[in-house]
Each structure stands twice: as C-alpha cells, then as structure tokens.
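Student: quick one, what's the 3D model for this:
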Amino acid sequence: MQKLSSIAGVSYHYMTASLVVAAVLATSSSWAQQTIKIANIVELSGAGATAGTNFKNGVELAVQEINANGGILGKKIESSTADTQSNPGIAKGLTQKAIDNNVFAIFGPVFSGSIMVSMAESRRAEVPNWTGGEAAGITQQGNPYIFRTSFTQATAMPKVATYITKTSKNLAVLYVNNDFGKGGLDMLKKALAGSPTHIVAEISTESGQLDFSAAVIAAKQSNADALFIYTNEEESARALRELQKQGWTKPVIGETTLTGQKVIELAGDAANGAIAHVGLAVDAPIPTVRAFNAKFEREYKYVSDHNGMKGYSGVYVMKAAIEKAGVLDRKAVAAAMKGLKVNTDRYPGALMYTEFDNKGDLDRMSFMVQVKNGKQTVVDFVPPLPKDKGIAAAPAPAVAPSAPKAGGKPAAKP
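Tutor: Next up is the predicted model:
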C-alpha cells in the first residue's frame, strides 16, 4: 500500500510540474502551436482599400510559397485577414482580437494613422508587427516590436529631395492632412533645408477629397516651377486629372503613391510625365522583382503596386528573422530584426538586399520612375543613404542586362 501511495505521490507531483510548465509556456513568447499564426490587419474598404488589398494579396502569396517549400523551422504559416475599414479605432480593436487569438505576428495596417494607434496593442503584448506605414513617427517611439516593409519618410524624402534640387527652385507642395501627409511634408522640408529649392506653397487637402480644383488653382497662383504631390492613391489620381484639366505643364513630382499602378489606371493619360521616387517598383529590371510581378499577376489577374511588394517581402523578412533567431519565440525574433541583413541569394522573396536598423527602419536600393505611355518606367537607380544617415550602404541589386545603371556604376550582386 505504501508503494502504491508513493507511486501515486510521484504521479501527482509529476502532473503538477507538467501543469506549471504548460502554464509558463502559455504565457511566454515561445511558440508551441502546430502552425505559425499571423494576422493580416489591413484596409480592405474605405480610403485605404487599394493599398490594403494589395498588401494582403502580397502577404498571402508569400505565405503560399513558403508553406509549399516546407514552412519556417518545419512549421506552416496560418494566415487570417481582417478589414480595418481604414479606421484607426477599428484597427486597434482588430489588433487586440488578434492578440487574444494568440498570433505569432501581425502584418498591417498600411495607413500610418491606423498603425500609429494599433501598434500600442501589439507592443503591449510583445507581438512583432510589420507595417506598410511610412510616417516617420511610427519608429520614433522606441517600440521594439514594430518593423517596416517600406521606407520611413526620413529615408525616402532625402532621396527624392536630391532630384527636386536639380529640378526646382520654387516648389509647391500638395499634401494630405493626416499623419502620413503631415509627416511627409515635415521630412521634405527638413531634407530641402539649406538647398537651392524653396517651398513657396503648402497646399493642404483631405483624405478622400473629391474636388482638387481649388488646390490646383493655389498651386498655379504660387508661381511654383514644379509641384510635389503627397497624397493617397485615389486622391493622387484626382489631382493629376485636375492638373491636366487646368493646363498645368510644369514638372509633377512625388513619392511612391503618385506613380502607383492604381493611380495610373484612375488618372489615365493625365498620369503621363509624372515622376516619383519609389522604394519598390514592379517594373524594376531586377530578376527577383520580375519573378514576383509574374507570380502576382498569374495569381490575382492584375498587376501589383508597391503595396503588394511590401506585404510579400515583409513575410520573407519575418522568415529571415525567425531563422536567424533559430527559435519560434516572439522576443527572440524581435531582437533578431535589429540590424538584420537580408540577402536575396537566400531569400529571393525579399526582392532586394535589405538592411534594418535598431529602430525597425529599413534601407535598400530604390528608384526614380516616370509614367510613360501609361506605364511606370524606371529611369534611374537611387543608392541607399550613406552610413552617417543611419544605415550602412548596401550593394546594388542584380539587374537584367537592359537595365539602366545608377551613376554609370556596374550593378553588384546582392
């Protein structure tokens, strides 16, 4: 009897210890589930529908490919999608719901105003969060769990400013009055400070604005020799159509959204001639980008914009970080993102050689593009910012034989 009691006691203590271990695992960042659950929290309706839908499709395409090739550390990715309706409050609620569902990582939102609100929840839960938002403030709050899939405005604006200073002496800026637009304006002004270019007009517009006649009149009355447009896709197209209607003939310059595929479709021939700096371009003469473009179009029956590329490459960056950490642990993966260097030899889905800094910002080769005959055309390469700007210069991506070479330098393999 004593023997049985002893055995029972051992069994009891063993089960108690097992329950304690299980409880610890359940509350830690380690991953004991059979799949890697990620939440795609994006704008599928409202003002951000174009950006969010492309981002979502990019994420899902990457998930399909990675799962078909064995997953990450032997586990498949399980993806769910929710619509923020382009509303920051809804984005926050959906982020909390995803956390309650114990996701490993979150992708989105894309709109800066939404991620600025929702990332407080993912930070509190210590869940890695990749975003397509570009507002500089996103990564200036010391959040160790937020990572970009695109340039911060603090990286993009100095690049486009280099072009502007060669083109314009008196610049008018038309921007959207939200976190994205105001942050871009601030960074552009900082980038142009001390240059020969002066901003002679700051023209504020609203998200979802339909009528741009007054804004274009203001640009014309400013006597600017060029116009910089920094709004979302649908608004950019409306502005371009109004510029054409009012006979604007001076240079129209912008950042990524101005020459996006959706803008070109909506603006028609009014988009021709627009030039922009873009971090990602589906028509870039780079083999990995061309491969993505072909796969995306085959899967979704339309041409992706830069947001599809952001979602797609972001999932491959997550894969690189997990494999660098060597363990499915949220904290370890977030730590692995600091200073991460992603080479396309191992991760072609990253699209180009990419480096991250300790804030979650990235840098890589980028492009100047111009819309010609209804198509975005790469006209030059823009190198990464020099080391004193925060991220080390990266090698240029491999390019197709017909590609232009920035500054006449030969392209290097990443």
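
Student: go ahead and confirm Arg379 touches Val371.
Tutor: Wrong residue type there; residue 379 is Val, not Arg. No. At 10.5 Å, Val379 does not count as touching Val371 under the criterion of C-beta atoms under 8 Å. Glycine gets a C-beta too; all of them are placed from N, C-alpha and C.

Student: so what sits against both of those two?
Tutor: Ile275 (C-beta atoms under 8 Å, 6 or more residues apart in numbering).

Student: who has more neighbours, the two?
Tutor: Between Val379 and Val371, Val371 has the larger neighbour count (other C-beta atoms under 10 Å), namely 24 against 12.

Student: so how far is Ser236 from that one?
Tutor: Using C-beta to C-beta, to the nearest Å, Val371 is found at 11 Å from Ser236.

Student: same deal with Val117?
Tutor: 24 Å.

Student: neighbour count winner among these two?
Tutor: Between Val117 and Ser236, counted using other C-beta under 10 Å, the more crowded position is Ser236 (30 against 19).

Student: tell me the pLDDT of the more buried one.
Tutor: Each residue has a pLDDT score; the one for Ser236 is 97.

Student: isn't it up against Ile229?
Tutor: Yes. Counting by C-beta under 8 Å, Ser236 does reach Ile229; the two are 5.9 Å apart.

Student: overlap of the contact sets of these two?
Tutor: Residues touching both Ser236 and Ile229 (C-beta under 8 Å, 6+ apart) are Gly254, Leu258.

Student: so which residues of the stretch 151-300 of the chain form strands?
Tutor: Counting by DSSP state E, counting those that start in this stretch, the stretch 151-300 of the chain has these strands, from start to end: 170-176, 198-205, 226-230, 252-254, 275-278.

Student: tell me which of these sits nearest to Ala336.
Tutor: Distance to Ala336, taken as C-beta to C-beta, is lowest for strand 275-278 among those, at 27.8 Å.

Student: only alpha carbons, please: show that closest one as CSV.
Tutor: C-alpha atoms of strand 275-278 as CSV (Å, rounded to 0.1, in the frame of the first residue of the first chain):
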residue,chain,number,x,y,z
ILE,A,275,7.9,61.3,-61.9
ALA,A,276,8.5,59.9,-58.4
HIS,A,277,11.0,58.3,-56.1
VAL,A,278,9.8,54.7,-55.2
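
Student: which strands and helices lie in contact with it?
Tutor: Here strand 275-278 touches helix 153-167, strand 252-254, strand 366-372, strand 375-382, going by 3 or more C-beta pairs under 8 Å, 6 or more residues apart in numbering; DSSP states H and E.
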